[in-house]
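Task: produce atomic coordinates for the following.
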Amino acid sequence: MKRLIVLLFFFSFLFACVQYDAPKPRGYFRIALPEKEYQKFDSTFPYNFQYPVYGEVVPDSREWAEAYWADLVFDAFSARIHLSYKAVEGSDNLYTYLEDAHTFVHKHIPKATAIHDEIFMIDENRVFGMLFRIKGREAASPLQFYATDSTDHFLRGALYFETTPNNDSLAPVIEFIEKDVRHMLFTLEWK
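Presented below is the predicted three-dimensional model:
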């Protein structure tokens, strides 16, 4: 009986030491965020603003792009903010642009878990508009905005990443770029 108990303990220790390989959770690369520093975008466009030095403003080269459309490109994050400008030529025209901006935001509803909107008004520069934060893991554009002076100018922007949307893992970059967008909007001036 003693031998049986000793053998039982021996085999239990032997099998207790077996290591099973469990799958490791998916990891993501650490994202190094640069220091905030801004430069002025001032060209022949009917608007100017300050944008981060780690970004680059390039004219929109797509075949359907209109005059004064541009992309603010962040190569380090594989991201870009599409900027589309329209001249306002009356209240009906402005209403159409506002409706289009809201329609583009609402197209994200099937993938969004929440859409937070924020009104901003910078009276000294005559800049009025809304900033939309679109929450949800698979939302294609997590940040959109529009700005207008309500009489002559309308500027719309949308942030896109050149990757499959996974906004949970992109959250630090989205928050980082949101601060840049806010700075851009608060330094926006019409010509």
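
Regarding this structure, what is its longest helix?
Looking across the chain with DSSP state H, the single longest helix is helix 167-186.

Pull out the buried positions in that helix.
167, 170, 173-174, 176-178, 180-181, 183-185 (16 or more other CB atoms under 10 Å). Bear in mind the C-beta positions are built from the backbone N, C-alpha and C, glycine included.

now for it, which elements pack on it?
strand 47-52, strand 79-87, strand 114-122, strand 127-135, strand 143-148, strand 153-161 (3 or more CB pairs under 8 Å, 6 or more residues apart in numbering; DSSP states H and E).

So what are the sheet partners of the fourth one and their directions?
Using DSSP bridges, the strands paired with strand 127-135 are strand 114-122 (antiparallel), strand 143-148 (antiparallel).

now the second one
The strands beside strand 79-87 in its sheet (DSSP bridges) come out as strand 70-74 (antiparallel), strand 153-161 (antiparallel).

Send over the longest one as CSV, restricted to the C-alpha atoms.
The one in question is strand 153-161. Presented in CSV, the C-alpha positions along strand 153-161 are these (Å, rounded to 0.1, in the frame of the first residue of the first chain):
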residue,chain,number,x,y,z
HIS,A,153,-16.5,79.7,-47.1
PHE,A,154,-17.1,76.1,-46.1
LEU,A,155,-14.4,73.6,-45.2
ARG,A,156,-15.1,69.9,-44.4
GLY,A,157,-12.5,67.4,-43.1
ALA,A,158,-12.4,63.7,-42.4
LEU,A,159,-9.7,61.5,-40.8
TYR,A,160,-8.9,58.2,-42.5
PHE,A,161,-6.3,55.6,-41.8
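
Surely residue 138 and residue 166 touch.
Yes - under the criterion of CB atoms under 8 Å, residue 138 makes contact with residue 166 at 7.5 Å.

how far out from the middle of the chain is stretch 162-170?
The chain centre lies 10 Å from the centre of stretch 162-170; the measure is CA atoms, centre = their mean, to the nearest Å.

Show me the beta-bridge partners of the closest residue in space to residue 70 that isn't next to it in sequence.
Nearest residue to residue 70, sequence neighbours excluded (CB to CB, 6 or more residues apart in numbering): residue 83, at 4.8 Å. Counting by DSSP bridges, residue 83 is bridged to residue 70, residue 157.

Let me know how buried residue 83 is, in neighbour terms.
22 (other CB atoms under 10 Å).

Now do the contacts for it.
60, 69-72, 155-157 (CB atoms under 8 Å, 6 or more residues apart in numbering).

The same query, at a cut-off of 7 Å, please.
69-72, 155, 157 (CB atoms under 7 Å, 6 or more residues apart in numbering).

Tell me the one of these nearest residue 125?
residue 155 (12.1 Å; CB to CB).

wait, doesn't the closest one sit right on residue 85?
Yes - using CB atoms under 7 Å, residue 155 makes contact with residue 85 at a distance of 5.2 Å.
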